[in-house]
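Asker: Could you look at this predicted model? Sequence included:
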Amino acid sequence: MKIALIGATGFVGSAVLKELLARGHEVRALVRDPAKLASQPGLQTVKADVTDASAVAESVRGVDAVISAYNPGWGHADLHDEFLRGSAAINAGVKAAGVRRLLVVGGAGSLYIAPGVQLVDTPAFPAEWKAGALAAREALNRLKTDEGLGLDWTFLSPAMHLEPGERTGVYRLGRDEPVFDAEGHSRVTVADLAAALVAEAEQPQFVRQRFTLGY
């Protein structure tokens, strides 16, 4: 497949890039600074501001799918609003380019840990992650409404603990609640997150739905 990737230099995006190339896909990476990505077979880098819908549209036109691991940075002074601004521009740009398939990596904060209770709303949720988690939840809600622009979107929430580590290829999928292991932990490596995301791009199971994963 020809896949446009947003956020290819980040923690999640770099793992997704590695997985895409390993599976033989052609990747068009949208980046602010192309020098940050080393040249690799199957990789094309495009300089683009993904908070500009027209720039997104121009950059992704002709691909089979767009994967967004967009995050303005956990240290961004206005993370919440910037995350939503970028997400809206990506949605609009993908739509304008005539690409129907959009896969988005969001957060675990919108997963339900009890009936009607999302993780981000619990007292124990870390304050330093809250702005980003609230923005990711709103981005998911917008995809579910007309602001999803009729795209065939999929939203992937990682496990509660997203860790560095090896790709095992062995994980379990869920929908709106965290997947816990036998010890009661919700965790997954970023390499396995990338494997699950690319598998969804190749063989869709969760079109216009959210899913999650864990061990």
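Answerer: Ah, there it is.

Asker: C-alpha only now, for contacts and for neighbours.
Answerer: OK.

Asker: beta partners of the residue most central in space within the chain?
Answerer: Centroid check for the chain by C-alpha atoms, centre = their mean gives Val105 as the closest residue, at 1.6 Å. Judged by DSSP bridges, the bridge partners of Val105 are Leu156.

Asker: How much space separates it from Pro115?
Answerer: For Val105, the distance to Pro115 (C-alpha to C-alpha, to the nearest Å) stands at 23 Å.

Asker: can you pull out the strands in this protein?
Answerer: Ranges of strands in the chain, per DSSP state E, are 2-6, 26-31, 43-47, 65-68, 101-105, 112-114, 117-118, 152-157, 161-163, 172-174, 187-189, 209-214.

Asker: Turn those into CSV, including mean pLDDT and distance to Val198.
Answerer: Below are these laid out as CSV (pLDDT from 0 to 100; distance: least, C-alpha to C-alpha, whole Å):
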stretch, mean pLDDT, distance to Val198
strand 2-6, 98, 10
strand 26-31, 97, 12
strand 43-47, 97, 16
strand 65-68, 98, 9
strand 101-105, 98, 9
strand 112-114, 96, 24
strand 117-118, 96, 26
strand 152-157, 98, 11
strand 161-163, 96, 17
strand 172-174, 98, 14
strand 187-189, 98, 14
strand 209-214, 98, 13
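
Asker: Could you export those as TSV, including distance to Ala55?
Answerer: Below are these laid out as TSV (distance: least, C-alpha to C-alpha, whole Å):
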stretch	distance to Ala55
strand 2-6	12
strand 26-31	10
strand 43-47	9
strand 65-68	14
strand 101-105	16
strand 112-114	35
strand 117-118	34
strand 152-157	20
strand 161-163	31
strand 172-174	34
strand 187-189	32
strand 209-214	27
